[in-house]
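A.B. asks: Everything below, folded, please.
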Amino acid sequence: MRKFTNYNFKSLVFGAAIAAGFVILGSMYSEFLYAFASIGFLYVGYNAPNIKTSALLGAFASTPVMYLALDGVFKEIPPTEQGRITMIIAILLVGMLVAVIGAWAKRSRVKAKEEYEKKQKIGKNKKKNKNTKEPQKENKGLLSKISKKE
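C.D. replies: Numbers count the residues shown, from 1 in each chain. Sure, this is the predicted structure:
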């Protein structure tokens with residue numbers, strides 16, 4: 001049972017609910033809302049510990065969308081058994097792919113944050129004299145010569 005301690009099941013449940021909710025809203029109001037179902041899969045992948053786990057959790061999060069698709073929410077269910085199996089596989093693959101993209105985005109963000117902190121640490125050891133000003137150099141141009149003569 002210790003295998004399952006590293007997973008964030010709360011994000012799995014919320015991500016699946018977000019995806020299913022947008023699918024239901026898309027079937028009721030407007031079809032462009034189907035695209036927002038990917039937010040749930042991104043959320044699942046972003047909170048996964050690594051990329052492999054995000055693919056697995058993305059497949060689990062897509063099961064409510066599969067159920068809704070087989071229930072007829074998309075209005076056009078393929079009449080054959082092969083069509084339904086193809087639709088199930090496509091939904092699983094989309095859930096896995098979007099979750100992997102979420103995990104990749106988190107990994108990229110963590111790397112960028114580490115690089116930023118590394119750059120900040122490099123600058124901490126330098127002396128910073130913000131209050132002292134550099135002495136101004138005399139301008140040896142034509143105007144300075146004229147003003148000195150007067």
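
A.B. asks: I'd like the distance between Glu117 and Lys111.
C.D. replies: 11 Å (Cβ to Cβ, to the nearest Å). Using the backbone N, CA and C atoms, a C-beta is placed for each residue, glycine as well.

A.B. asks: Could you do Val44 as well?
C.D. replies: Val44 is 21 Å from Lys111, where distance means Cβ to Cβ.

A.B. asks: what is the rounded mean pLDDT of the longest helix seen in the chain?
C.D. replies: Secondary structure assigned by DSSP state H gives helix 81-124 as the longest helix of the chain. Here helix 81-124 scores 85 as its mean pLDDT.

A.B. asks: which secondary structure elements does that helix contact?
C.D. replies: The contact analysis (3 or more Cβ pairs under 8 Å, 6 or more residues apart in numbering; DSSP states H and E) places helix 81-124 against helix 38-46, helix 51-61, helix 63-71.

A.B. asks: looking at those helices, which is buried most?
C.D. replies: helix 38-46 (a mean of 24; mean count of other Cβ atoms under 10 Å).

A.B. asks: could I get that one in CSV with only the CA atoms?
C.D. replies: Taking Å, rounded to 0.1, in the frame of the first residue of the first chain, the C-alpha atoms of helix 38-46 are listed here in CSV:
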residue,chain,number,x,y,z
SER,A,38,-8.5,19.6,-21.1
ILE,A,39,-8.0,22.0,-18.2
GLY,A,40,-8.9,19.1,-15.9
PHE,A,41,-6.3,16.8,-17.5
LEU,A,42,-3.7,19.6,-17.3
TYR,A,43,-4.4,19.9,-13.6
VAL,A,44,-4.0,16.2,-13.1
GLY,A,45,-0.7,16.1,-14.9
TYR,A,46,0.7,19.3,-13.2
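
A.B. asks: Mind listing residues that contact it?
C.D. replies: 11-12, 14-22, 54, 57-58, 61-62, 94-95, 98-106 (Cβ atoms under 8 Å, 6 or more residues apart in numbering).

A.B. asks: And these, which of them are buried?
C.D. replies: Buried members of those, counted by 16 or more other Cβ atoms under 10 Å: 11-12, 14-16, 18-22, 54, 57-58, 61-62, 94-95, 98-103, 106.

A.B. asks: on contacts alone, who are the packing partners of the helix or strand encompassing Ser27?
C.D. replies: Ser27 belongs to helix 9-28 when assigned by DSSP states H and E. Applying 3+ Cβ pairs under 8 Å, 6+ apart, we find helix 9-28 packed against helix 38-46, helix 51-61, helix 63-71.

A.B. asks: Fine, thanks again, bye for now.
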